[in-house]
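1. Sequence and predicted structure below; questions after.
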Amino acid sequence: MEESLEQILELSLTLLMLGGAVCACVFKDLLNAVIAAAFVSLMAAILFYFLQAPDVAMAEASIGAALTTAIFVIAIKKTKRVEEE
Amino acid sequence: MVAVLLIIVPLGLAFAMPLFNFVSKRIAAYLPIAAMVCNLILSILLLPSVMENTRIVILGGLPPPLGIHLVAGPLGVGLSGLISLVGLAVSIYAWGYIKQGAQDKYHALYLLLLSGATGAVLTGDLFNLFVFYEILCISSYALVAYLGDRNGVESAVKYLIQGSVGSGLILVGIAILYGMFGTLNMAQIAIHIDNVDSPALFLALVLLVTGFGVEAAIFPLNAWLPDAHSSAPSSISAILSGIAIKVGIYAVARVLFTIFGVAVVFQYVLLLGLATLLIGEICAFSQDNIKRMLAYSSVGQVGLIVFAMCIATPDGVGAGLLQLVSHALSKAVLFLGVGYLVARSGSMSLSSLNGIGKRMPVVCFACVVAAFSLVGLPPFVGFAGKFLIVRAALAGKSIFFTVLIGIVFLATVVEGAYFFRMVQTLYFKDAKRQIEYKKVPASASIPIMALVVFIVALGVYPDVLLPYLKSAAADLLNKAGYIKEVLG
Amino acid sequence: MRILISCVLLVILSLGLVFALEQAPFGSNQIDNADKPGRFYLNQGMEKTGAANVVTSVVVTYRGFDTLGEVTILFIAAIGLGAVFHSRKKVKRYEKEKQSASLILQTGCRFLFPLIVLFGTYVFIHGHLSPGGGFQGGVIIASAFLLLFLGCEEKKIPMKSMNTVESLAGIIFVGIGLAGLYWGESFLENFLPRGMDYMLLSGGVIPIIYIAIGFKVGAELAGIVAGLIERNP
């Protein structure tokens, strides 16, 4: 029973990750796209934890979800915010 | 043990560069020269002893399948000698050429590029090859954007995106190989690959060749090259065309010959090489910007080298290696010379260089020598390279190869056309406006003339290189021998 | 029409990939074969190197050369950014003052900054005993500096000290490798005594290398963030 619960959890996290990735490509407001990309990194970090790799999960959470998001936001602030057609 | 120093000395000096910067700003320009002299001496000292038996240098204290090791064989040490020779010439040139921007950062990046190139040709482990290949690629992205002008940054961004996609593909390929075999050692993967037959292996081969092929600029993947090599500062164009592309070709060759060794794939890569040759030469013919013309010529020559190597006989691989050496020397001379020609005349278009041969005789003479060597005229090393390629291709006596050699001759004719047009512009056209005759500094003419001396000397006495080429070709082709040397 | 063609191509590509990857034995017990490196690291990693965290012993000892390469790549990124930014002008003071943060934010950031730095230091010092390590700890320290930039803007990051710390840490890493060459037999060999298990000073050179990596990564990333914020594009 609990093995199938874990499988359901992993499957739903993977689907959420895919959804976040599609949103990151489709959104026109670049700030929303960056938040979606940070969401993908967060889901990946949780999935790494479920695959029993805590070091990789820490690295992915800190670098993917925190630092690259901040760098992207600084870059958006200095250039333009909305992707035109 | 000494082979590790070939990689660590440039790396350590680059790490220490900010500390040297505190002492004095001008020291930064001397460090690459010192490191490359050290590397050149070490390579020349190592070469005779590794020609007989390959040395395996263990890193981290564990023997080969469990830890990383360096394979200092004739191919690796020879290529690292070539890297240090061209690197030394370009660093002496850059001592006088790079005068603006953050110079200490330029020299640190340059040292790291050469260290990455040396590491990639010396290593025996697949993931280590990827790491050093990444060091080479990322420092070349940063160096293309070094001047900070609009063209340079735009070309660097294009190069970066394509290179990063390529690196992602390599990583997936390595992951598939690790998942199937449980090891990252190239010799161990080579042993086990003969026993397994599955489509996933073909996928891994395609991903690895595509990923490494982005840096090697094989036909569909070379869109970044004309922009990057023409917008970079000239010393960087010289080292990119001379060394960085060759490391990509080496990585593709290592994956194809040593790890996979499947005979069927060679024909496809041969055709890709031929397509690259044709596209490079035809596009070069129609260019007006001289640096773009030289960049497309690099694409063409890469196609020729890949074509020669995929003939997959010892003569073919040896001829490909000789053509690699000849192109590295000649293209470095061309880009270094054109750097000052463009700086004196003020624009990169071919028509602005009319008649400049009378005012800058040394540099133009060197460019003419290098151009003739690339086309393949007799007293220069390019003739030896092309002659060996033709002889190796026709040795099998098959119609297929005869037709392909016909196409190679056609491409050589086109190449001759645009290089002769360049020579005609330099010497036989009249200058439209007077260019002031400032002498080219000695720091530029000495390395250019030294490389020209090498081109002429190797062209007159190519027999000096032949035993080395034979053992290097055996290193690449002889999969069983490689495995025996590494794993015992 | 274009969307239809791209969807069809995507479906064909994914079917091909699924068919090819199905044969690759992901997740199987390939490493149970005793002579494969993976099983060797798991079985004997702790006895040979003395680090309780096997991942750390793999990263620093068995594949330490790759870690040196990765640290170099981060260094290249930091220097490359510095080189491209060299010609850009700094952001003027009056532009920055328009956007200063509120009082709660400033006090909170000033309070949290030393705590986050302490946490990051904990992560990289205990890299060989618990999950974590040099890279993770360094990035946490860099995010503390990012918080400082966003919250309290009158504090400046001393760039010269960051550069000095970064290059000293790099030289220490290469120096330990060369010391392994001198006292042991190969580059990056673990030549210090193994020590007792689970203590802070165990594992030979592993804690020293991880401390060097932690400082280097933290200083580099803080420098990158500082360069991005302070320069005009």
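-> The structure has been received and is ready for your questions.
2. Please make it C-alpha for all contacts and neighbour counts, starting now.
-> Fine.
3. What segments of chain C are helices?
-> C:2-22, C:37-49, C:54-57, C:64-85, C:93-97, C:103-125, C:134-151, C:159-183, C:206-230 (DSSP state H).
4. Output those helices as TSV; include the columns mean neighbour count.
-> Supplementary listing: the helices of chain C in TSV, determined by neighbours: other CA atoms under 10 Å in any protein chain shown:
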stretch	mean neighbour count
helix C:2-22	12
helix C:37-49	16
helix C:54-57	24
helix C:64-85	21
helix C:93-97	10
helix C:103-125	17
helix C:134-151	25
helix C:159-183	19
helix C:206-230	23
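5. Turn those helices into a markdown table, columns for distance to B:Ser351 and mean pLDDT.
-> Shown next, in a markdown table, are the helices of chain C (distance: least, CA to CA, whole Å; pLDDT from 0 to 100):
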| stretch | distance to B:Ser351 | mean pLDDT |
| --- | --- | --- |
| helix C:2-22 | 43 | 87 |
| helix C:37-49 | 61 | 80 |
| helix C:54-57 | 60 | 87 |
| helix C:64-85 | 31 | 91 |
| helix C:93-97 | 47 | 59 |
| helix C:103-125 | 60 | 91 |
| helix C:134-151 | 52 | 90 |
| helix C:159-183 | 46 | 89 |
| helix C:206-230 | 41 | 90 |
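6. Nearest to chain A, out of those?
-> helix C:134-151 (5.1 Å; CA to the nearest CA).
7. Can the closest one be said to contact chain A?
-> Yes: judged by CA under 8 Å from any CA of the partner chain, helix C:134-151 and chain A are in contact via C:Phe135, C:Gln136, C:Val139, C:Ile140, C:Ser143.
8. Just the closest of those residues to B:Asp194, please.
-> Using CA to CA, C:Phe135 comes nearest to B:Asp194 of these, at 38.3 Å.
9. Look up the closest residue to that closest one, ignoring the ones flanking it.
-> Spatial nearest neighbour of C:Phe135, chain neighbours left out: C:Gly214 (5.9 Å); criterion: CA to CA, 6 or more residues apart in numbering or on different chains.
10. dump the residue contacts of the one you found.
-> By CA atoms under 8 Å, 6 or more residues apart in numbering or on different chains, the contact list for C:Gly214 reads C:Thr121, C:Phe124, C:Gly133, C:Gly134, C:Phe135, C:Gln136, C:Gly137, C:Gly138.
11. could you measure it against C:Val123, distance?
-> Per CA to CA, to the nearest Å, C:Gly214 is found 9 Å from C:Val123.
12. if I look at the two, which residues touch both of them?
-> With CA under 8 Å, 6+ apart, C:Gly214 and C:Val123 have common neighbours C:Gly133, C:Gly134, C:Gln136, C:Gly137.
13. what's the angle between the helix or strand harbouring B:Leu112 and helix C:64-85?
-> According to DSSP states H and E, B:Leu112 maps onto helix B:103-122. When axes from the mean of the first three to the mean of the last three CA atoms, to 10 degrees is applied, the directions of helix B:103-122 and helix C:64-85 differ by 150 degrees.
14. Mind giving me the packing neighbours of helix B:103-122?
-> helix B:2-15, helix B:17-23, helix B:30-52, strand B:69-72, helix B:74-97, helix B:126-144, helix B:245-253, helix C:64-85 (3 or more CA pairs under 8 Å, 6 or more residues apart in numbering or on different chains; DSSP states H and E).
15. Recalculate using a threshold of 7 Å.
-> Using 3 or more CA pairs under 7 Å, 6 or more residues apart in numbering or on different chains; DSSP states H and E, the elements in contact with helix B:103-122 are helix B:2-15, strand B:69-72, helix B:74-97, helix B:126-144, helix C:64-85.
16. Redo those as JSON lines? Include distance to B:Gly459.
-> Listed next are the helices and strands packed on helix B:103-122 as JSON lines, based on distance: least, CA to CA, whole Å:
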{"stretch": "helix B:2-15", "distance to B:Gly459": "28"}
{"stretch": "strand B:69-72", "distance to B:Gly459": "27"}
{"stretch": "helix B:74-97", "distance to B:Gly459": "16"}
{"stretch": "helix B:126-144", "distance to B:Gly459": "30"}
{"stretch": "helix C:64-85", "distance to B:Gly459": "38"}
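17. wait, which of these is closest to chain A?
-> helix C:64-85 (12.6 Å).
18. got the CA coordinates for that closest one in PDB?
-> Output in PDB follows, covering the C-alpha atoms of helix C:64-85 (Å, rounded to 0.1, in the frame of the first residue of the first chain):
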ATOM      1  CA  GLY C  64      38.600  14.500  -7.200                       C
ATOM      2  CA  PHE C  65      40.100  15.500 -10.500                       C
ATOM      3  CA  ASP C  66      36.600  16.100 -11.900                       C
ATOM      4  CA  THR C  67      35.800  18.200  -8.900                       C
ATOM      5  CA  LEU C  68      38.900  20.300  -9.600                       C
ATOM      6  CA  GLY C  69      37.500  20.700 -13.100                       C
ATOM      7  CA  GLU C  70      34.100  21.800 -11.900                       C
ATOM      8  CA  VAL C  71      35.600  24.300  -9.500                       C
ATOM      9  CA  THR C  72      37.600  25.700 -12.500                       C
ATOM     10  CA  ILE C  73      34.400  26.000 -14.600                       C
ATOM     11  CA  LEU C  74      32.800  28.100 -11.800                       C
ATOM     12  CA  PHE C  75      36.000  30.200 -11.700                       C
ATOM     13  CA  ILE C  76      35.900  30.700 -15.500                       C
ATOM     14  CA  ALA C  77      32.200  31.900 -15.200                       C
ATOM     15  CA  ALA C  78      33.100  34.400 -12.600                       C
ATOM     16  CA  ILE C  79      36.100  35.800 -14.500                       C
ATOM     17  CA  GLY C  80      34.300  35.800 -17.800                       C
ATOM     18  CA  LEU C  81      31.500  37.900 -16.300                       C
ATOM     19  CA  GLY C  82      34.100  40.200 -14.800                       C
ATOM     20  CA  ALA C  83      35.800  40.600 -18.200                       C
ATOM     21  CA  VAL C  84      32.600  41.400 -20.000                       C
ATOM     22  CA  PHE C  85      31.500  43.800 -17.300                       C
END
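19. anything in it near chain B?
-> Yes: with CA under 7 Å from any CA of the partner chain as the criterion, chain B is reached by helix C:64-85 at C:Gly64, C:Asp66, C:Gly69, C:Glu70, C:Ile73, C:Ile76, C:Ile79, C:Gly80, C:Ala83, C:Val84.
20. still on that earlier bit, would CSV of the helices and strands packed on helix B:103-122 with distance to chain A be doable?
-> Listed next are these as CSV, based on distance: least, CA to the nearest CA, whole Å:
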stretch, distance to chain A
helix B:2-15, 23
strand B:69-72, 25
helix B:74-97, 33
helix B:126-144, 18
helix C:64-85, 13
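21. Go through these and name the closest to B:Gly316.
-> helix B:74-97 (14.9 Å).
22. The closest one packs against which elements?
-> Right, helix B:74-97 is packed against helix B:30-52, helix B:103-122, helix B:442-460, helix B:466-477 by 3+ CA pairs under 7 Å, 6+ apart.
23. Mean neighbour count, the ones you listed: which tops it?
-> With neighbours defined as mean count of other CA atoms under 10 Å in any protein chain shown, those peak in mean count at helix B:103-122, which reaches a mean of 27.
24. Give me the most central residue, chain C.
-> C:Phe135 (2.2 Å; CA atoms, centre = their mean).
25. Thought C:Gly218 was touching it, still the case?
-> No: contact criterion CA atoms under 7 Å: C:Phe135 and C:Gly218 do not qualify, at 8.2 Å.
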